[in-house]
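Trainee: make a model of this:
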Amino acid sequence: MNRRVYILLLVTFVFAASNAQKKTITSFIPKDYDTLQTVKGDLNKDGIEDVVLALYHKMENEELENINVDSIPKRVLIILLASKSGYRQVVKTSNALLCKNCGGVFGDPYAGLSITKSVLTISHYGGSAWRWSYNHKFRLQNNNWFLIGQTSHSYWNVKQCEALDDFAGTDFEDVNFVTGQYETKKISEECELLENKKGKRKVQPLQTISKFTIDN
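Mentor: Numbers count the residues shown, from 1 in each chain. Down below sits the predicted model:
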């Protein structure tokens, strides 16, 4: 093999290997799944936009009377870190997103993903006369993904407490698991203010996203 042919084969091999590493976003989507939402943002503070995918199984498109709702596979959350050589999957979990039929009369409870200052927020909203919402915040630190904040809010949508400028049955809690700072508010169905606090709790070990399961 002469030198010119050798160099040509070497360049071809390197080019092919480089392209093999540059996987597209869609290549990470499992079979029979489709995209509910795609968001981009710098999650690891390297100046390159990363990608988070919220995915649903295509069985969700079927008419409910034709399928067993409990047989529909769970929705999937995937986090892809980007580099000059392509994307790398660092998180894949089926326990962070509520199902399409978990929102009650209000419908699909999925309210979206967002990335702000390298923090990923997952939002849900549902209910009927009784409304509820969840926001869960995750961040990459110490080479793992941790739940760093959580906001839960439920209330009785049909009764306004004018004196408190809020809804009856309000149950609100916002917690920063990193600092321990919290805020809570509770109002009875009879519009009695039961609790309205701000403070700081003892900081506990953070929960990893792999062990997190959203509870409705």
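
Trainee: residue 70 should be in a helix, yeah?
Mentor: Yes: assessed by DSSP: H, G, I helix; E, B strand; the rest coil, residue 70 belongs to a helix.

Trainee: how about the helices of this structure, start to end?
Mentor: With DSSP state H as the criterion, the chain has helices at 3-21.

Trainee: taking the centroid of it, which residue is nearest it?
Mentor: Centroid-nearest residue in the chain, with C-alpha atoms, centre = their mean: residue 122, separated by 3.5 Å.

Trainee: what bridges to that residue?
Mentor: Beta-bridge partners recorded for residue 122 (DSSP bridges): residue 113, residue 136.

Trainee: that one and residue 195: what is the separation?
Mentor: 26 Å (C-beta to C-beta, to the nearest Å). To be clear about C-beta, it is placed using only N, CA and C from the backbone, and glycine gets the same treatment.

Trainee: ok, residue 155 next?
Mentor: With C-beta to C-beta as the criterion, residue 155 and residue 195 are 14 Å apart.

Trainee: worst mean pLDDT across the helices and strands of the chain, which element?
Mentor: helix 3-21 (a mean of 42; mean pLDDT, DSSP states H and E).

Trainee: and the residue nearest to the centre of the chain, what's its pLDDT?
Mentor: For residue 122, the pLDDT comes out at 98.

Trainee: residues contacting it?
Mentor: By C-beta atoms under 8 Å, 6 or more residues apart in numbering, the residues touching residue 122 are 77, 96, 97, 113, 134, 135, 136, 138, 214.

Trainee: list the buried residues of stretch 60-74.
Mentor: For stretch 60-74, burial by neighbour count (16 or more other C-beta atoms under 10 Å) applies to 60, 72, 73.

Trainee: shaky segments in the protein?
Mentor: 1-22, 64-66 (pLDDT under 70).

Trainee: the same query, at a cut-off of 90, please.
Mentor: Low-confidence segments of the chain, defined by pLDDT under 90: 1-24, 61-71, 83-85, 104-107, 215-216.
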